[in-house]
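S.K.: predicted model follows, preceded by the sequence.
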Amino acid sequence: MAKRTGAKSFERQVDRLYGLPLEEFTRARNELATDLKQRGDGDAAAQVKKLAKPTRSAGAINRAVRANRREARQLLSAADKLSKAQERLLRRGDRDPVGRAVEGERAAVDRLMAEVKKELRRDGGTSEGMLQRARGTLHAVATTPELRDEFEAGRITKDHKAVGFGALGAPAGAAPARRASDAKKKDEARRRVRRAEQEVEAAERALRRAASEREDAGKRLAAAEAAVSRCETELDEAVSELEAAREAAGRA
């Protein structure tokens, strides 16, 4: 009998995967998928098989976040302040809060990057390009809503680029309001894409359920038609026996 994995238990198992050293991820993921399948939970096993292995820089960020929750919370707080400062800039044209928020966000990124570097060194070394990708991903936490959730959970899988920071850190004549507005529009577009993707996934699930129900209904219809056919045959035989009996009675 199939045994469904509880949502909390499933999340704990997935959470453990993203806290592992990168070289252990694939083996542990496959073992978990196999275990779930053997226990009869094919849906959970399929979900696990689809989990993406993080890039080296993303994996280092995940481990740094898990080991340094205070620094991670500081970055999230700085990202919130930057977002509010951007909104104030758009509404009032007030640049001073943006400058302070940018400095605070950069300081928070620097603190966490020190831990990310340590993780990369433990994971086999680093390079300037890898450090830049990690730094870009941390900056992107402030401008990419879906990345914020992955960051907070320590489950980032790929590198990201920040949107809009060049304008916010530029001199006064660099038209920051227009750049911030562009960043906000891009964020909204990403959210719309994500919502559309979720609606498509829901529609696909509904289609699969309907197809399964149609198949079951077809099987039931075929069984019913076979039963009707048998009953008709039995009725014909009974009618023939009745007529023969009447004929015999008439001759007696």
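M.R.: Alright, I've got the coordinates.
S.K.: how close does residue 46 get to residue 30?
M.R.: Taking Cβ to Cβ, to the nearest Å as the measure, residue 46 and residue 30 are separated by 13 Å. Glycine gets a C-beta too; all of them are placed from N, C-alpha and C.
S.K.: now swap in residue 216 and tell me
M.R.: 33 Å.
S.K.: equivalent analysis for residue 212, please.
M.R.: With Cβ to Cβ as the criterion, residue 212 and residue 30 are 28 Å apart.
S.K.: cool, and residue 101?
M.R.: From residue 101 to residue 30 the distance is 43 Å (Cβ to Cβ).
S.K.: can you pick out the residue with more neighbours from those two?
M.R.: Using other Cβ atoms under 10 Å, the more surrounded residue of residue 101 and residue 30 is residue 101, with 23 against 12.
S.K.: quick one: that one and residue 77 touch, right?
M.R.: No. Checked against Cβ atoms under 8 Å, the pair residue 101 and residue 77 is beyond contact range at 10.7 Å.
S.K.: how far off centre is the longest helix anywhere in the chain?
M.R.: The longest helix of the chain (DSSP state H) is helix 176-251. Here helix 176-251 is found 29 Å from its chain centre; the criterion is Cα atoms, centre = their mean, to the nearest Å.
S.K.: show the average pLDDT along stretch 209-227.
M.R.: On average, the pLDDT along stretch 209-227 is 81.
S.K.: render the CA-only coordinates of it in PDB, please.
M.R.: What follows is stretch 209-227, C-alpha atoms only, in PDB (Å, rounded to 0.1, in the frame of the first residue of the first chain):
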ATOM      1  CA  ARG A 209      -7.000  14.200 -13.500                       C
ATOM      2  CA  ALA A 210      -9.700  14.700 -16.100                       C
ATOM      3  CA  ALA A 211      -7.900  12.300 -18.500                       C
ATOM      4  CA  SER A 212      -7.600   9.700 -15.700                       C
ATOM      5  CA  GLU A 213     -11.300  10.100 -14.900                       C
ATOM      6  CA  ARG A 214     -12.200   9.800 -18.500                       C
ATOM      7  CA  GLU A 215     -10.200   6.600 -18.800                       C
ATOM      8  CA  ASP A 216     -11.900   5.100 -15.700                       C
ATOM      9  CA  ALA A 217     -15.300   6.100 -17.100                       C
ATOM     10  CA  GLY A 218     -14.400   4.400 -20.400                       C
ATOM     11  CA  LYS A 219     -13.500   1.200 -18.600                       C
ATOM     12  CA  ARG A 220     -16.800   1.400 -16.600                       C
ATOM     13  CA  LEU A 221     -18.700   2.000 -19.800                       C
ATOM     14  CA  ALA A 222     -17.100  -1.000 -21.600                       C
ATOM     15  CA  ALA A 223     -17.900  -3.200 -18.600                       C
ATOM     16  CA  ALA A 224     -21.500  -2.000 -18.600                       C
ATOM     17  CA  GLU A 225     -21.900  -2.600 -22.300                       C
ATOM     18  CA  ALA A 226     -20.500  -6.100 -21.900                       C
ATOM     19  CA  ALA A 227     -23.000  -6.800 -19.100                       C
END
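S.K.: what's near enough to touch residue 115?
M.R.: 64, 67-68, 71 (Cβ atoms under 8 Å, 6 or more residues apart in numbering).
S.K.: tell me where the stretch 101-250 of the chain is predicted with low confidence.
M.R.: Applying pLDDT under 70 to the stretch 101-250 of the chain flags the ranges 164-184.
S.K.: mind checking how far residue 73 is from residue 157?
M.R.: 22 Å.
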